[in-house]
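Novice: Requesting a structural model of the entry that follows:
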Amino acid sequence: MGCMTKPEFHVLQRNFLRILTVLLALCNFDLADAEAITFPGGFTLGSSFGDAKLHADSRGWQITPLSPELPGSWVVEGQDIGIYVCDDTLESLSKRLTGNLDDFAAQVAELTVYRGKPAFQVASFMIGSTRISSIDARFPNVDNINVAVQFESTGGKLAITTRYFSDKCADQVVGRPISTSRQ
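Specialist: The predicted structure is shown next:
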């Protein structure tokens, strides 16, 4: 193999400069500007509960309590959207979809690009004769918004729930079920 010709060198030089430009752009990539989040149902995190009700009403949706044992937890009927309200402020939104492990992995991979490496938690336990297993991926806070994705199997029925929540009342939100179903 001999030396490069002058035209080959110039092609290599141009390609090197293009690659270097892309790498520099990636190094300056700001996570806070990475993803404009579209919240489930078009609701707005941080809005008042009254505004959330008006938004639901404008779409013909009804917001009802999830359970008397979970004050502040609400569900948007027929939309698989969960809402958590703290101090009259919408502090958490969740959306539940049917999906499999491939869907979960794709969503986690996409969010990892925008939000950074998630922390994982795995659980499996029995409630009566029903096995419940889950894999939770919780992403770093970006722009004061936390995102958690849960892949769960309840008695073999698979679902993926994505939850968006603020730091306010996060200790109350994190400990709550992120499911929007009334099992």
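Novice: Give me the contacts around the longest strand seen in the chain.
Specialist: For the chain, the strand that runs over the most residues, judged by DSSP state E, is strand 130-142. With contacts defined as Cβ atoms under 8 Å, 6 or more residues apart in numbering, strand 130-142 is touched by 31-32, 34-35, 104, 108, 111-112, 114-126, 146-156, 167. For glycine as for every other residue, the C-beta is placed from the backbone atoms N, C-alpha and C.
Novice: Would you indicate which residues of the helix or strand following that strand are buried?
Specialist: Later in the chain than strand 130-142, the nearest helix or strand by DSSP states H and E is strand 145-154. Neighbour-count burial for strand 145-154 flags 145-152, 154 (criterion: 16 or more other Cβ atoms under 10 Å).
Novice: and the residue lying closest to I160 once chain neighbours are set aside, what element?
Specialist: Spatially, and ignoring its direct neighbours in sequence, I160 is nearest to G99 (4.1 Å; Cβ to Cβ, 6 or more residues apart in numbering). Using DSSP H and E, G99 is not contained in any helix or strand.
Novice: Which residues are in contact with G99?
Specialist: G99 touches 151, 158-160, counting by Cβ under 8 Å, 6+ apart.
Novice: Please pick the buried ones from the contacts of strand 130-142.
Specialist: 35, 104, 108, 111, 114-115, 118, 146-152, 154.
Novice: where does this structure dip in pLDDT?
Specialist: Within the chain, the segments meeting pLDDT under 70 span 1-36, 169-183.
Novice: Tell me what angle the helix or strand hosting A109 forms with strand 130-142.
Specialist: Element membership for A109 (DSSP H and E) is helix 101-115. Put simply, helix 101-115 runs at 20 degrees to strand 130-142, going by axes from the mean of the first three to the mean of the last three Cα atoms, to 10 degrees.
Novice: Now do the helices in the protein.
Specialist: Secondary structure of the chain by DSSP state H: the helices cover 6-27, 49-58, 101-115, 170-174.
Novice: re earlier: adjacent strands (with direction) for the longest strand of the chain?
Specialist: Using DSSP bridges, the strands paired with strand 130-142 are strand 119-127 (antiparallel), strand 145-154 (antiparallel).
Novice: Quick one: the ones you listed as a markdown table, columns for distance to G78 too.
Specialist: As requested, the strands paired with strand 130-142 are exported to a markdown table (distance: least, Cβ to Cβ, whole Å):
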| stretch | distance to G78 |
| --- | --- |
| strand 119-127 | 26 |
| strand 145-154 | 20 |
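Novice: so which of those gets nearest T89?
Specialist: Nearest to T89, of all the strands paired with strand 130-142, is strand 145-154, at 13.9 Å by Cβ to Cβ.
Novice: what are the bridge partners for the closest residue in space to F125 that isn't next to it in sequence, then?
Specialist: Spatially, and ignoring its direct neighbours in sequence, F125 is nearest to I132 (5.9 Å; Cβ to Cβ, 6+ apart). Per DSSP bridges, the residues bridged to I132 are F125, T154.
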